[in-house]
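In: Pasted the sequence and its predicted model underneath.
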Amino acid sequence: MKRTGKAKKHKTDTTANEVKQTTGNKKKCKSTTAAYEDDSVLSEQADGSTSVSVDGSDSSDDSGSLSRHSDSDNVSGYESDKTSPSDDQNVVFADFEFFDPKQDDFHGLKSLLTTYCDGEEWDLNGFIDIILAQTTVGTVVKTDEDCLFGVITAINLARYKDQRCIMELRDFLLHKSFEKAEAVQLNALWEKHPRDVGLLVCERVVNLPFELIPPLYDGLFDEVSWAVEDEPTQELRDSFRFKHYVLLTRVYQTISKECRVAKTQKKKRKKVSLRNGDDQNDDKGELVYIKPEDEIFHQLSSWSFTFPVDADYLATHELEDVKPMRLLMAIKVEKIQTFRSQLKALIDES
């Protein structure tokens, strides 16, 4: 967070949230309820997200712990990772810190963003380079051990429209919106008004303590506001005057018993997978949000559409009762304050 030229420190615990100005070059978010084990590893979930996998037999009743967690076991994704004395897991307290992106974060970001386009060949390295170069707006989440757990940023589509990664991402999304009513709106934003659009990217391990999420979003939207005033050139200041945010995220869609039976019979006749864009049954299942804030965004969005995860990727990560989906949505900037209020209220209720 750049307004004073110093980092901002967010200290969170089970009883209070404090925001303090500190010296240094990082934004520190310390959570006494967040935990992970020293020998934990990042593992890929069924939807392509990552989580911290923990082995052990100790227990804890702290509500913000990073724990052994699989989306296939808890498809709601954002259920509180509350533990009990009977839970078979080790919990170790950890400090989470908010940093400006830097070059050393390249490989950590690549791990988080590998499935952003569902295995499509695109310029992911170039996309990461944009995130790393834009330190005015954007944050990465780490522990004291420098392990990267999340990233959030907002990228102006017009500013980077000639970058190969942005062109390929545009083509990917336009292809997925083919024959959808929302394709017109997507094309209008991306092609006709890209200067007004911020691509909101928020990727993190699936069981990152949820109490860290409101300050993460608050920091992003505050940085956008500050950049409009503090960037050194008019062109840069204007590049953060967003009117819309576009967000690509992961969700699940429930599968009815009838659909599962039909699907099994279809596989017996011929081994085929869902075609890209073949979402004629999208309206027959309920969406399950992996990240709780996505449900708020979806309710506030001006338009949205879902599409199946890439067929080849889905074939090796298929679940019985739900299927991984992508959700693309557009949110007007006027709705952001409502989003921030509802996100805080959701934390208070949990």
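Out: Done, it's in.
In: Name the nearest residue to residue 167, ignoring sequence neighbours.
Out: Spatially, and ignoring its direct neighbours in sequence, residue 167 is nearest to residue 161 (7.4 Å; Cβ to Cβ, 6 or more residues apart in numbering). All C-beta atoms are positioned from the backbone trio N, CA, C, and that covers glycine.
In: whoops, residue 153 was the one
Out: residue 138 (3.5 Å).
In: quick one: contacts for that neighbour?
Out: 100, 101, 131, 151, 152, 153, 154, 220, 223 (Cβ atoms under 8 Å, 6 or more residues apart in numbering).
In: I figured the first one hits residue 139, correct?
Out: To tie it back to what came earlier, the one meant is residue 100. Yes - with contact defined as Cβ atoms under 8 Å, residue 100 and residue 139 form a contacting pair (7.0 Å).
In: More neighbours: these two, which one.
Out: Per other Cβ atoms under 10 Å, whichever of residue 100 and residue 139 has more neighbours is residue 139, with 26 against 20.
In: what bridges to that one?
Out: Beta-bridge pairing for residue 139 (DSSP bridges): residue 152.
In: I'd say it and residue 153 touch.
Out: Yes - contact status for residue 139 versus residue 153: in contact at 7.4 Å, counting by Cβ under 8 Å.
In: what touches both of the two?
Out: 101, 220.
In: and which of the contacts of residue 138 is nearest to residue 171?
Out: Ranked by distance to residue 171 (Cβ to Cβ), these are led by residue 131 at 19.9 Å.
In: mind checking pLDDT for that closest one?
Out: pLDDT recorded at residue 131 is 98.
In: Could you tell me whether it really is in a helix?
Out: Yes - under DSSP: H, G, I helix; E, B strand; the rest coil, residue 131 falls within a helix.
In: number of nearby residues for it?
Out: Using other Cβ under 10 Å: residue 131 sits among 21 other residues.
In: can you pull out the strands in this protein?
Out: 8-12, 17-21, 26-31, 41-44, 50-53, 96-99, 139-143, 148-156, 197-204, 244-254, 287-289, 303-308, 322-332 (DSSP state E).
In: Name the strands paired with the shortest one and say parallel or antiparallel.
Out: Going back to what we said before, that points to strand 287-289. Here strand 287-289 has these sheet partners by DSSP bridges: strand 244-254 (antiparallel).
In: Show me which residues of the partner strand are buried.
Out: Along strand 244-254, these residues count as buried under the neighbour rule (16 or more other Cβ atoms under 10 Å): 244, 245, 246, 247, 248, 249, 250, 251, 252, 253.
In: Next, the angle from that strand to strand 303-308.
Out: 40 degrees (axes from the mean of the first three to the mean of the last three Cα atoms, to 10 degrees).
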